[in-house]
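Visitor: Any chance you could fold what I've pasted below:
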Amino acid sequence: MAFRLNLYRIRPSYILRPRGKNLKAVYFARCWLRNFVPRSVLMQRKATLMTDWEKRKDAEQIRDRVDYYNKLVGPVELPPDAGHVRDIPNGHGVYNRDSYEILRYFDGALALATQFGDNQTIPKVPAICKSRPISEDNGNAVLLNMDKVRHFTFLKDKRQFADKKDMAIFRGAVFQPRRIRFMQEYFGHPLVDCADTQPPDKTLHPEWHKNLITLYDHLKYKFVVCLEGNDVASNLKWVMSSNSCAIMPRPTFETWFMEGRLVPGVHYIEIREDYADLEEKIRYYSAHHEEAQAIARNANEWCAQFQNPERELLIALLVMQKYFSLTTGSA
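Guide: Predicted coordinates for the structure are as follows:
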């Protein structure tokens with residue numbers, strides 16, 4: 001594996017002040033340790049989790065989430081060129097590692113189709129994906145929690161909403177049309193602190209560039225702008241776990257976080273696709289703290305459902321069990 005040193009990121013402020021993200025060293029260590037877990041131990045754990053799960057107090061919520069991630073309703077034959085569980089290695093990228101974490105509990109001969117990456121399309125056959133378009137006919141995209149070391153970060157925010165700045169903040173790589181349009185509209189606006197965090201030689205407009213800041217620095221602001229990139233807005237999870245409010249257009253993609261079920265005005269502050277009402281929303285919720293705080297509390301409750309590791313594993317196992325029960329393919 002090629003090793004590349006990104007000198008742009010090697011700065012004292014970056015090393016001495018952690019950004020608040022998940023530690024990749026811990027993630028990779030956990031992945032490596034999976035190589036030494038005997039199959040008998042995996043099967044015992046799977047049996048323990050799956051036995052009588054329907055008698056759990058949260059069984060209805062578990063079943064609901066399983067059916068949301070996996071919408072398959074009838075037997076489907078996978079094409080001859082579909083892969084198999086045994087083809088997914090515990091390495092070569094986060095998508096393999098994160099799917100291997102769940103697939104290692106199943107027979108390696110089972111047929112499996114995948115569509116990894118920042119997925120913007122609905123697969124032609126049932127396939128395991130990290131993300132999918134939000135639509136009524138996206139059932140072939142079966143969701144697993146992948147690239148979670150980057151996406152599933154939750155924060156503990158000690159700063160109260162009333163003590164934050166009456167402004168919105170946005171930091172991110174700006175190269176997609178929707179983000180470029182946002183920067184063109186709001187760079188330099190007195191109520192919006194926005195910047196492109198790509199290295200200076202990649203920034204489309206040098207004046208847009210600013211260095212990376214910590215996730216907690218974002219939380220000095222009452223509102224954090226969450227803009228979709230290649231698929232979902234990767235900052236949405238940690239923003240919704242804080243006392244700040246996510247402010248964004250209605251999402252068009254979803255992941256394990258179930259962005260398609262988020263309700264505007266309940267879990268986040270919705271703005272128009274052209275961002276024209278952003279200033280209006282900032283001023284309104286800056287003057288109506290109780291409404292904004294209610295949105296932040298609802299967002300916190302939404303995030304809480306993803307923070308029980310045992311239940312998350314059970315749901316993922318049930319998603320894949322449903323997948324294998326409704327698909328067939330060559331061994």
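
Visitor: Settle this for me: residue 257 is touching residue 306, isn't it.
Guide: Yes - judged on CB atoms under 8 Å, residue 257 makes contact with residue 306 at a distance of 7.0 Å. Quick note: C-beta positions are derived from backbone N, CA and C, even for glycine.

Visitor: So for these two, which sits in the more crowded spot?
Guide: residue 257 (23 against 20; other CB atoms under 10 Å).

Visitor: List the contacts of that one.
Guide: By CB atoms under 8 Å, 6 or more residues apart in numbering, the contact set of residue 257 is 151-152, 232, 236-237, 306.

Visitor: Can you show me the strands along the stretch 1-150 of the chain?
Guide: Along the stretch 1-150 of the chain, counting by DSSP state E, counting those that start in this stretch, strands occupy 76-77, 83-84, 111-112, 114-115, 127-129, 132-133, 141-143.

Visitor: who touches the most centrally placed residue in the chain in this structure?
Guide: The centroid of the chain falls nearest to residue 151 when counting by CA atoms, centre = their mean (4.0 Å). Counting by CB under 8 Å, 6+ apart, residue 151 makes contact with 232, 234, 237, 255, 257.

Visitor: again with residue 218
Guide: 169, 171, 224, 235, 239, 244.

Visitor: can you tell me which of those lies nearest to residue 211?
Guide: residue 171 (9.4 Å; CB to CB).

Visitor: Not counting sequence-adjacent ones, nearest residue to that closest one?
Guide: residue 197 (5.2 Å; CB to CB, 6 or more residues apart in numbering).

Visitor: Now do the same contact list for that neighbour.
Guide: Residue 197 neighbours (CB under 8 Å, 6+ apart): 171-173, 209-212.

Visitor: could you say what helices and strands the top helix by length along the chain packs with?
Guide: In the chain, taking DSSP state H as the definition, the longest helix is helix 309-326. In this structure, helix 309-326 packs against helix 39-50, helix 59-69, helix 94-103, strand 141-143, with contacts taken as 3 or more CB pairs under 8 Å, 6 or more residues apart in numbering; DSSP states H and E.

Visitor: Select, out of these, the one closest to residue 290.
Guide: Here helix 59-69 is closest among the helices and strands packed on helix 309-326 (CB to CB), at 28.2 Å.

Visitor: what's the distance between the closest one and the middle of its chain?
Guide: 18 Å (CA atoms, centre = their mean, to the nearest Å).

Visitor: So what touches that helix?
Guide: 53-54, 56, 142-144, 256, 258, 261, 305, 311, 314-315, 318-319, 322.

Visitor: Would you mind checking those residues for buried ones?
Guide: The neighbour count (16 or more other CB atoms under 10 Å) marks 53, 142-144, 256, 258, 311, 314-315, 318-319, 322 as buried among the contacts of helix 59-69.

Visitor: pLDDT score assigned to residue 40?
Guide: On pLDDT, residue 40 comes in at 94.

Visitor: Oops, could you answer that again for residue 139 instead?
Guide: 94.

Visitor: Likewise for residue 5?
Guide: pLDDT, residue 5: 41.

Visitor: OK, contacts around residue 327?
Guide: Residue 327 is in contact with 72, 75-78, 111, 126, counting by CB under 8 Å, 6+ apart.

Visitor: ok, now which ones touch residue 159?
Guide: Contacts of residue 159 (CB under 8 Å, 6+ apart): 219-220, 243.
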